[in-house]
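J.: mind looking at a prediction? Sequence and model below.
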Amino acid sequence: MSNWWLKEVEMDKELLEKVMGQVSQELGIKNSSKPAKPSIGVTEFVGTALGDTIGLVIASVDPLLTDTMKLGKYKSIGIIGGRVGAGPQIMAVDDAVKATNTEVITVELARDTKGGAGHGSLIYIGAEDVSDARRAVEIALENLPKYFGDVYSNDAGHLEFQYTARASYCLEKVFGTPLGKSFGMVCAGPAAIGTVLADVAVKAANVEVVKYCSPGQGTSYSNEVILLFTGDSGAVRQAVKAAIDVGIKLLGTLGDTPKSTTTPYI
């Protein structure tokens, strides 16, 4: 093997690591920070996070399963699965694929009654190297508390709001969001409240609807209405914030004032 070829490979690797480092810095991801994980003697285990979310990796999926699981070219995969919340996990994985050499393979939203009216989630992340898959899972678990910040709930239901100035491949794969554009999500259960919030959001700012989901259309028959939209960053944020204000008031009529799960970020 010639020396010039080795130098080219090393340069490509250094460039990739530099780009990933810059993205991580933009997202506020520290290379040294990793989710706390107890030692349980299972190599596939990475860690856990909010929403009964577990992070796992498989270094080499058995050939008997790769086609059945529709993994394509990938043998190494990272897995994010949660009982409560799908939006926070999707947003966290979107950050993870921005900062690592990985690709979202599939995202499935299970109907899960532990989340009340909403969904659970199952996300497969593909990588050529298992270390990349593991790092993507670690980043997703680290970022998950942020995206639970604008999830509000009481005994009667829940509200979920998400925003990013730059959508990446996970949001594109799940919702068809334009890559690199601002993205907003408004979600509420009961679905009746979500219907009003969808209307409030599009009236509040000049945004473009990407997708509208209801119990019988685009959800796993969850009692939710979900609106996904894009547009100018300021307009998207304005639309989300208008929906937050109205949503807290409406859900509050059915019980206590809805409380944020962590710290609001929008």
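T.: Yes, it's here.

J.: can we go C-alpha only for contacts and neighbour counts from here?
T.: OK.

J.: where's the residue sitting nearest the centre point of the chain relative to Thr262, distance?
T.: For the chain, the residue nearest the mean C-alpha position is Ile90 (1.5 Å; C-alpha atoms, centre = their mean). In this view, Ile90 and Thr262 are 17 Å apart by C-alpha to C-alpha, to the nearest Å.

J.: what segments of the stretch 101-250 of the chain are strands?
T.: 103-108, 121-127, 151-154, 157-164, 182-189, 207-213, 225-231 (DSSP state E, counting those that start in this stretch).

J.: deepest in the core, which of those strands is it.
T.: When you average the neighbours per residue for each of those (mean count of other C-alpha atoms under 10 Å), strand 182-189 leads with a mean of 27.

J.: name the helices or strands packed onto that strand?
T.: strand 157-164, helix 191-204, strand 225-231, helix 233-252 (3 or more C-alpha pairs under 8 Å, 6 or more residues apart in numbering; DSSP states H and E).

J.: name the helices or strands packed onto the shortest one?
T.: In this structure, strand 225-231 packs against strand 182-189, helix 191-204, strand 207-213, with contacts taken as 3+ C-alpha pairs under 8 Å, 6+ apart.

J.: that one vs strand 182-189, what angle?
T.: 170 degrees (axes from the mean of the first three to the mean of the last three C-alpha atoms, to 10 degrees).

J.: now strand 225-231 - C-alpha only, CSV.
T.: Provided in CSV are the C-alpha atoms of strand 225-231 (Å, rounded to 0.1, in the frame of the first residue of the first chain):
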residue,chain,number,x,y,z
VAL,A,225,-53.1,16.5,16.6
ILE,A,226,-49.6,17.3,15.5
LEU,A,227,-48.6,20.2,13.2
LEU,A,228,-45.1,20.3,11.6
PHE,A,229,-44.0,23.4,9.8
THR,A,230,-41.0,25.3,8.4
GLY,A,231,-40.1,28.8,7.3
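
J.: give me the contact list for that strand.
T.: Defining contact as C-alpha atoms under 8 Å, 6 or more residues apart in numbering, one finds that strand 225-231 is touched by 175, 177-178, 181-195, 198, 206-215, 236.

J.: with the longest one instead?
T.: Counting by C-alpha under 8 Å, 6+ apart, helix 233-252 makes contact with 152, 154, 156-159, 161-163, 165, 181-186, 188, 193-194, 197-198, 200-207, 229-230, 257-258, 266, all of which sit outside it.

J.: now Cys170. Nearest residue, chain neighbours left out?
T.: Closest residue to Cys170 apart from its sequence neighbours, by C-alpha to C-alpha, 6 or more residues apart in numbering: Asp94 at 4.9 Å.

J.: report the secondary structure state of that neighbour.
T.: Three-state call for Asp94 (DSSP: H, G, I helix; E, B strand; the rest coil): helix.

J.: can you get me a residue count around Ser233?
T.: Look at Ser233: counted by other C-alpha atoms under 10 Å, it has 17 neighbours.

J.: for it, give me the pLDDT.
T.: In this model, Ser233 is scored at 97, pLDDT.

J.: roughly how far does it sit from Leu197?
T.: For Ser233, the distance to Leu197 - C-alpha to C-alpha - is 19 Å.

J.: give me every residue that touches Ala59.
T.: Counting by C-alpha under 8 Å, 6+ apart, Ala59 has contacts Glu44, Lys75, Ser76, Ile77, Asp129, Val130.

J.: can you give me the helices for the stretch 1-150 of the chain?
T.: With DSSP state H, counting those that start in this stretch as the definition, the stretch 1-150 of the chain shows helices at residue ranges 3-27, 63-66, 87-99, 130-147.

J.: comparing those helices by mean pLDDT, which bottoms out?
T.: helix 3-27 (a mean of 48).

J.: so Gly115 makes contact with Leu109?
T.: No: contact status for Gly115 versus Leu109: not in contact, 11.9 Å apart, counting by C-alpha atoms under 8 Å.

J.: what sits against Ala86?
T.: So Ala86 contacts Leu109, His119, Gly120, Ser121 (C-alpha under 8 Å, 6+ apart).

J.: closest one of those residues to Gly81?
T.: Using C-alpha to C-alpha, Ser121 comes nearest to Gly81 of the contacts of Ala86, at 5.4 Å.
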